[in-house]
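Colleague: I'd like to go over a predicted model; first the sequence, then the structure.
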Amino acid sequence: MGDSEPKFRSQGLFEVETDLFHSRQEFARGRTILRWVGLMYSADFFIFPYFRHSMSVWIAFALFYAAFLVLYFVVVELRGRRQQIAFALFFLLGFLYYPFNRHAAGAFVYPFAIMAFFVRRLRTLFLVLTVQMVGIVLETWYFDLSMEKAESVLFFSVVIGLCNFAYSQQARANFLLEQANAEIEYLSQEAERERIARDLHDLLGHTLTVITVKLDLARRLLSRDSAQALHEIIESEQTARKALADVREAVVGYRAEGLTAEIARARRTLLSADVQLTTSIAPVALSPVQVNVLCLALREAVTNIVRHAHASACHMELSEVDAQIYLTVGDNGNGGTLREGNGLLGMRERLHAVSGTVKLSSSTKDGTRLVLALPICLDARLRPQSMREVESV
């Protein structure tokens, strides 16, 4: 999808995701609080030097903890090769200090838990975990340390690491979904602009050419035949007025006037084609965007009935069922094989952009039935107003 994919930089042992959290804004907001809360677990590091009452132990611990804090805060800011080096130093720091302070075993958990946010593949995370655990077991055996701490490191590394990895994957999925929706909206807008451009070209291209030719002719006739020149100017004026009327009509067509007005327009259009319209309209709450989408879809449906259905009757129903708004349009026309053109394709795209669906069925016996479904918009500020007045239009 072009630029919508998050960028990953593959270097060395694992792939680091560079812009998963919306250019780091999302991660930064959570990090501001969580990075300090996460340090609470490091309080366990102080137990050993506190009970040893030795200046050399405290000096060694101070050097360790200073390096730990630097790596803890810096590793999330770096990217690419530098970040991988920082993670390696983070793990190395744990291996160097663990034999002297087994309460600092949590130093292994921190880099692994943070790495889970930046590793793309689960197998890479398990590879790092395997290498870490082999190193801890060997170090525990070599220095004759308690295996209980090694087991606790394994437990917390797996639990916290997998939880963080699952969260990062969910964040990535949400990011991709938002990017996909933005791209769909952009493409829909581009398609609409292209359609408007084609319509305006069809409306004005020939007309402006005619006006130009007539005015040029009038200019050349002005010195020889003023009456004919005046006639050409008058015709140019009439052509321009007609073009203005066509443009106004097209603009009105693009501008949604409300579902009530659109249903009334549909009734008049169908009556002109000898199609009787019956309606069943329930009061529903629609957002302005939903109203516009339904108006355009209804206009396309009525156009198809007039052009292709050869129907004598049409029924339109607007209802609300199970938190869904349904607009159903059916006719008793010839039905049969369905061929979806650009109109129906555009209808599907518009409905999809607002989380709606389009269902179209057709048979030679029952005619064609179009069902548009939209979720209820909780933010709709329009009050549910009855549209029963449409019945009398």
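Modeller: Done, it's in.
Colleague: which element is the closest residue to L351 other than its chain neighbours on?
Modeller: Closest residue to L351 apart from its sequence neighbours, by C-beta to C-beta, 6 or more residues apart in numbering: V358 at 5.2 Å. Every residue, glycine included, has its C-beta placed from N, CA and C. Following DSSP states H and E, one finds V358 within strand 357-363.
Colleague: that strand pairs with which strands, parallel or anti?
Modeller: strand 367-375 (antiparallel) (DSSP bridges).
Colleague: rewinding a little: isn't the residue nearest to L351 right up against L370?
Modeller: Yes: using C-beta atoms under 8 Å as the test, V358 is close enough to L370 to be in contact (7.3 Å).
Colleague: looking at the two, which has the bigger crowd around it?
Modeller: Remark: of V358 and L370, L370 carries more neighbours, 23 against 18, as counted by other C-beta atoms under 10 Å.
Colleague: number of residues surrounding V76?
Modeller: Other residues close to V76 by other C-beta under 10 Å number 17.
Colleague: actually E262, sorry about that
Modeller: 21.
Colleague: state the distance from it to L327.
Modeller: 11 Å (C-beta to C-beta, to the nearest Å).
Colleague: how about R198?
Modeller: According to C-beta to C-beta, R198 stands 27 Å off from L327.
Colleague: these two: which is more packed in?
Modeller: For R198 versus L327, neighbours defined as other C-beta under 10 Å are more numerous around L327 (24 against 10).
Colleague: which element is that one on?
Modeller: For L327, the enclosing helix or strand under DSSP H and E is strand 324-331.
Colleague: tell me the angle of that strand relative to strand 357-363?
Modeller: 30 degrees (axes from the mean of the first three to the mean of the last three C-alpha atoms, to 10 degrees).
Colleague: excluding its backbone neighbours, what's nearest K365?
Modeller: Using C-beta to C-beta, 6+ apart, the closest residue to K365 is G335 (7.3 Å).
Colleague: residues contacting that neighbour?
Modeller: By C-beta atoms under 8 Å, 6 or more residues apart in numbering, the contact list for G335 reads A309, S362, S363, T364, K365, D366, G367, T368.
Colleague: selection in PyMOL covering whichever of those residues are buried, please.
Modeller: Here is the PyMOL command that selects the buried residues among the contacts of G335 (16 or more other C-beta atoms under 10 Å):
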select buried, resi 309+362+367+368
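Colleague: now, the most widely separated pair of the contacts of G335?
Modeller: Greatest spacing in those, by C-beta to C-beta: A309 and K365 (13.8 Å).
Colleague: hmm, back to that, and the residue nearest to K365, helix, strand or coil?
Modeller: Three-state assignment for G335 (DSSP: H, G, I helix; E, B strand; the rest coil): coil.
Colleague: report the residue ranges of every domain in this structure.
Modeller: Here the domain parsing of the chain from automatic domain parsing is 2-183, 190-254, 259-392.
Colleague: save those domains as a markdown table, and put in mean pLDDT too.
Modeller: What follows is these, written out as a markdown table (pLDDT from 0 to 100):
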| stretch | mean pLDDT |
| --- | --- |
| domain 2-183 | 76 |
| domain 190-254 | 78 |
| domain 259-392 | 81 |
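Colleague: those helices in the stretch 1-150 of the chain, which residues are they?
Modeller: 25-38, 47-52, 55-74, 80-97, 106-115, 122-142, 147-221 (DSSP state H, counting those that start in this stretch).
Colleague: so for V321, which of these sits nearest?
Modeller: Comparing the helices of the stretch 1-150 of the chain by C-beta to C-beta, helix 147-221 comes nearest, at 25.5 Å.
Colleague: packing partners of that closest one?
Modeller: helix 106-115, helix 122-142, helix 226-254, helix 342-353 (3 or more C-beta pairs under 8 Å, 6 or more residues apart in numbering; DSSP states H and E).
Colleague: if we use 10 Å, what do you get?
Modeller: strand 14-17, helix 25-38, helix 106-115, helix 122-142, helix 226-254, helix 342-353 (3 or more C-beta pairs under 10 Å, 6 or more residues apart in numbering; DSSP states H and E).
Colleague: all set, thanks.
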